[in-house]
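Enquirer: Got a sequence here, can you model it:
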Amino acid sequence: MAKTTVFLALSLLAGALHAQHAPVISPTSAQAHSLALHQPHPNKRSPFAMQAFDEQMKPFYHGVASGDPLPDAVILWTRVTPETDGPVQVAWQMATDPELTQVVASGTVETHADRDYTVKVDVTDLTPGTTYYYHFEALGAVSLTGRTKTAPADPDHLRFVVVSCSNYQAGYFSGYGRIADRNDLDAVVHLGDYIYEYPDKTEAPGAGYGNDSVAADRPLEPAYEIVELIDYRTRYSLYRLDPDLIRAHQQHPFITVWDDHESANDSWMGGAENHNPDHVYTEGKTEGNWNARLGNARQAYFEWLPIRDRADQKLYRTLHYGDLLDLIMLDTRIEGREQQETNVLTPALYDESRTLLGASQKAWLLNELETSEATWKVLGSQVMFAPFNVAWAASGGATPVQTESIFLDIWDGYPAERKQLLTYLDTNEVDNVVVISGDLHASFAFDLAYQPSRLTDSASVLPASEVTYDPATGEGSFAVEFLTPSINSANFDENVGKGQSDLLEAFINQQLPPFAPIPEMYQNINPNPHMKWVDLDRHGYFLLDVTPEAAQANFYYLDTILAPNSGERFVAGMRTENGQNHLTSAPESPEKEMQDTPAPGGPVTALNPQETSMVLLGVYPNPLQKQFVVQLALNARRHVAIDLIDLQGRQVAEIHRAEQAPGSYRMVFDLPASLRSGVYLCRLQTDGQTFTQRLVVQR
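Expert: Next up, the predicted model:
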């Protein structure tokens, strides 16, 4: 390989990493004003542009979901989209067959606008290790049939898909579609960045975050950065209308945690890189108080995801799978995280009391490890645990310190607490710990050791005096880590190009060449010998296959994210044997002998046979004072009329008249200044359809 080509790749690394985590500037107030009525781009739509919603699923347009499986319980979820306001009674049934003839549990719950018409049921008294099927009924219609599974009491083979980082405008969600096709999963583990908070890329050039070739086909709602509760609810609603995500939730229980983009980029317990209280993110509105924004994000998360509700809304928890596996889900983002440092030479970075977990969560984690009777202890950490050494690649004007300082949002930014956890595993002889992580939009597999390289001293920029790890044998490794690629969020190649990404990938865990511009102190050193697998430019997921003998990650990558219905292929397997605590490569692990019957594709019955070209997804807030938001979706070009009428049916205000193209819309309207306090109806009409929502105006 020519030296000049190698140098070019190395000099680009700092730029590539910075691009992965660069701050995103929200639109100016002038830009935001133009986003109030977000028009899709019919002139730019490709042949891959999809319908805004599936009219056959009325009124359960967002599908069904399940989550947090226990041996005797599981959460069921759906969302009802009524045509009028007021509480809605929702019936549910669970059975052991796809046709729902062998019903084992049923009930009725009420939903309403205060919870955005979402429904969540914790079904108990179930049988361990059993596949169940379920559906909901409301407003004369039946939802999709979903499939779920309780945790087995005495398993000998478990399979989990592990995913993270799905950005609506970065590409299609084909990875979710391929996951839905599988019939032997125990659950899907989502490690965060389920949504992204950024503005629409096509409406706010330079401010959004996505892929130019697909963004016009996948417009965001709202089009500006999300801050308020109605913003987060609207963004979740948009994501949950995606057909691949609908199918994945329909076919498998999910176990979820949030990362930063469910609130704001690089968040911590007291703020976020992408949160400025004084920043105007849309006309007349600043981002405001962080705790208020975080509360909005938290409420929408618990409303829209099939996670078991807790009064304290804490996220960390353990799910037990007999004596084979304990899945210990951490909150490494919000619960106790101190603010990120920005320089590896900052003394505070190495303070023994510096924490990512917080005291309470850390004590809980150590107790879970101490009391676990499972063969395998799997830790769900949103961010990379292993040391990640990149100072060696500094060039093009960047110093080793600057380059190494880029990755301080991961556990590299909290080295003392990481060492304390490894010390606990070492001194207490805790074997078979597997860390699963995401966040970085790339694939990795690591051995986890105190000092895996001569480049990992206290500051991570000068050669260390002692190495405690042998990469040839795995001696000195106390656990392993698998990091999942993104579903579709931008990888290295999408930031710096495929060629440069491949070169970076080739050198990141190999002995560095003995010539300039590699600084002499790094020459002939492998910066990351504990990194046993790396792929910087493919999207997909890994499947965690667990037996009493071994735990293995099978990495699957999509053919493309730029078109729907992409295929996938197995590329690599990394395996740790019982008691070994280090990794070796392996062929693809076999599927389970027993394959579950999938849930049927469509709803059993439709509300009516008539075409539904428009759906009203919500009117917010309620009560209101000055403005209100209408969220709707169109599957065909239609003339849309919106009026306010009083309770006697008289029109009191004409709000909107427009011919609108197919797509999703979030429209913001000012109330007429003359409108008095009282109760009104917001009426939407289009070609044969009428929707009404009750509004309370408080002046």
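Enquirer: how far away is Ser166 from Ile255?
Expert: Using C-beta to C-beta, to the nearest Å, Ser166 is found at 16 Å from Ile255. Where C-beta positions appear, they are placed from N, C-alpha and C, glycine not excepted.
Enquirer: show me the contacts for Ser166.
Expert: Each residue near Ser166 by C-beta atoms under 8 Å, 6 or more residues apart in numbering is listed here: Phe173, Gly175, Tyr176, Asp193, Tyr194, Ile195, Tyr239, Leu245, Ser486, Ile487, Asn488, Ser489.
Enquirer: burial count for the fourth one?
Expert: Spelled out, it's Asp193. 26 (other C-beta atoms under 10 Å).
Enquirer: Find the helix or strand that it is a member of.
Expert: Following DSSP states H and E, one finds Asp193 outside all helices and strands.
Enquirer: Do I have it right that it meets Ala170?
Expert: No. If you go by C-beta atoms under 8 Å, Asp193 and Ala170 don't touch, sitting 10.8 Å apart.
Enquirer: so what's in contact with those two at the same time?
Expert: Common neighbours of Asp193 and Ala170 (C-beta under 8 Å, 6+ apart) are Ser486, Ser489.
Enquirer: which residues in the stretch 151-300 of the chain form strands?
Expert: 158-163, 187-190, 253-256, 267-268, 271-272, 280-282, 285-286 (DSSP state E, counting those that start in this stretch).
Enquirer: strand partners of the last one, parallel vs antiparallel please.
Expert: Spelled out, it's strand 285-286. Neighbouring strands of strand 285-286 in its sheet, by DSSP bridges, are strand 280-282 (antiparallel).
Enquirer: Look up phi and psi at the residue lying closest to Asp493 once chain neighbours are set aside.
Expert: Distances taken as C-beta to C-beta, 6 or more residues apart in numbering place Asp537 nearest to Asp493, at 3.5 Å, with adjacent residues excluded. Main-chain torsions, Asp537, degrees, to the nearest 10: phi -140, psi 20.
Enquirer: Quick one: residues contacting Asp537.
Expert: By C-beta under 8 Å, 6+ apart, the contact set of Asp537 is Ala442, Asn491, Phe492, Asp493, Glu494, Lys498, Ser501, Asp502, Glu505.
Enquirer: Distance from stretch 353-371 to the middle of the chain?
Expert: 24 Å (C-alpha atoms, centre = their mean, to the nearest Å).
Enquirer: what's it in contact with?
Expert: Contact partners of stretch 353-371, identified using C-beta under 8 Å, 6+ apart, comprise 269, 316, 318, 326, 328, 330-332, 335-338, 348, 377, 379, 411, 413-414, 416-417, 421, 424-425, 428, 430, 433.
Enquirer: Any of those buried? List them.
Expert: 269, 316, 318, 326, 328, 330-332, 335-338, 377, 379, 411, 413-414, 417, 421, 424-425, 430, 433 (16 or more other C-beta atoms under 10 Å).
Enquirer: per-domain residue ranges of this structure.
Expert: Split into domains by automatic domain parsing, the chain comes to 3-25+152-586, 614-697.
Enquirer: mind checking how far the residue nearest to Pro222 when sequence neighbours are not counted is from Gly380?
Expert: Leaving aside its sequence neighbours, Pro222 sits nearest to Arg666 (C-beta to C-beta, 6+ apart; 4.6 Å). Distance, Arg666 to Gly380, using C-beta to C-beta: 33 Å.
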